[in-house]
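*Asks:* Test case, fold it:
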Amino acid sequence: MVGSELTNVKSPRVKAARRLAKRSFREQDRKFLAEGPQAVREALKLDGVTLELFATAEAELRHPELITEATLRGLPVNRASGEVMAELSQTVTPQGLLAICRFVHVPLDQALDAGPKLVAVLAHVRDPGNAGTVMRAADAAGADAVVFTDASVDPYNGKCVRASAGSLFHLPVVIGSPVAAAVRELKARGLRVLAADGAGTHTLDDVDLSGPTAWIFGNEAWGLPEDVRALADDVVRVPIYGRAESLNLATAAAVCLYASARSQRVP
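*Replies:* Numbers count the residues shown, from 1 in each chain. Next up is the predicted model:
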């Protein structure tokens, strides 16, 4: 049931949630914040992931089904004042709904146990918005897993969670694997590993994408370092038919993932 409204931004419950905005506290508590109705809706679909909800009175009226679902699951639902929600939110305009969730990532071997056909690997990706958008694109393209290597952004970063639009809760996510170890394991599982890079020797038009494939996507500013490109079976670029100099990371990733997804589905 929804209790009395939380109005004190310094209350222990609010402070315990607010600390999860920092990565060190997220890792210590093994919890993160999922903000907005879409993220909360998808988190509630997974048993045991959502631990607690914060909602403004207005959000309760807009999304009664989410409040009901949380209540039926026996979760604490805290009615939060606008000031408290602003303290908890990491957006300029809070949506009035926020959940505390358990970590959902899995080990690499578990993510690959089902025999994946399409995997996205993020190597040295630092921008959380881009990383979240790649997760969303991978989910939409039917990918079987997303691997965040050890030099990449934390997928539980608030901006990354929001950019994933709930996809963080849809497919296996791996965190912290060294890129060389991830590539070795992917190859051992029978996947062809392709590095997406603007300096690629092949384009999407020249490569056969019909088999199980893992794509490595690199840093937004400088792409993939030579040692990472050397790990791949091929380095592939997205062809530019117009006058644009290049595509940003998330757009290029979406193009590559959908090219693989389409090739794998053609009879």
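*Asks:* what is the nearest residue to residue 48 once chain neighbours are set aside paired to in the beta sheet?
*Replies:* With C-beta to C-beta, 6 or more residues apart in numbering as the measure, residue 102 is the residue that lies nearest to residue 48, at 6.9 Å, once sequence neighbours are left out. Every C-beta, even on glycine, is put in place using the N, C-alpha and C of the backbone. When bridges are taken as DSSP bridges, the partners of residue 102 come out as residue 31.
*Asks:* Report the contact partners of residue 102.
*Replies:* With contact taken as C-beta atoms under 8 Å, 6 or more residues apart in numbering, residue 102 is in contact with 30, 31, 48, 49, 51.
*Asks:* How is the protein divided into domains?
*Replies:* 12-102, 108-265 (automatic domain parsing).
*Asks:* Need the ones you listed in JSON lines (columns: mean pLDDT and distance to residue 4).
*Replies:* Shown next, in JSON lines, are those (pLDDT from 0 to 100; distance: least, C-beta to C-beta, whole Å):
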{"stretch": "domain 12-102", "mean pLDDT": "95", "distance to residue 4": "7"}
{"stretch": "domain 108-265", "mean pLDDT": "95", "distance to residue 4": "27"}
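*Asks:* would a markdown table of the ones you listed with distance to residue 5 be doable?
*Replies:* Converted to a markdown table, those look like this (distance: least, C-beta to C-beta, whole Å):
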| stretch | distance to residue 5 |
| --- | --- |
| domain 12-102 | 5 |
| domain 108-265 | 23 |
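*Asks:* What are the phi and psi values at residue 83?
*Replies:* Note on residue 83: backbone dihedrals following degrees, to the nearest 10 are phi -70, psi -40.
*Asks:* Give me the neighbour count for it.
*Replies:* Residue 83 has 13 neighbouring residues, counting by other C-beta atoms under 10 Å.
*Asks:* Excluding residues flanking it in the chain, which one is nearest it?
*Replies:* Setting aside the residues directly before and after it, residue 83 is nearest to residue 9 in space (C-beta to C-beta, 6+ apart), at 6.0 Å.
*Asks:* what's near enough to touch that neighbour?
*Replies:* Residue 9 touches 83, 84, 87, counting by C-beta under 8 Å, 6+ apart.
*Asks:* And residue 223, by the same measure?
*Replies:* For residue 223, the contact set (C-beta under 8 Å, 6+ apart) comprises 197, 198, 199.
*Asks:* what separates it from residue 116, distance-wise?
*Replies:* Per C-beta to C-beta, to the nearest Å, residue 223 is found 24 Å from residue 116.
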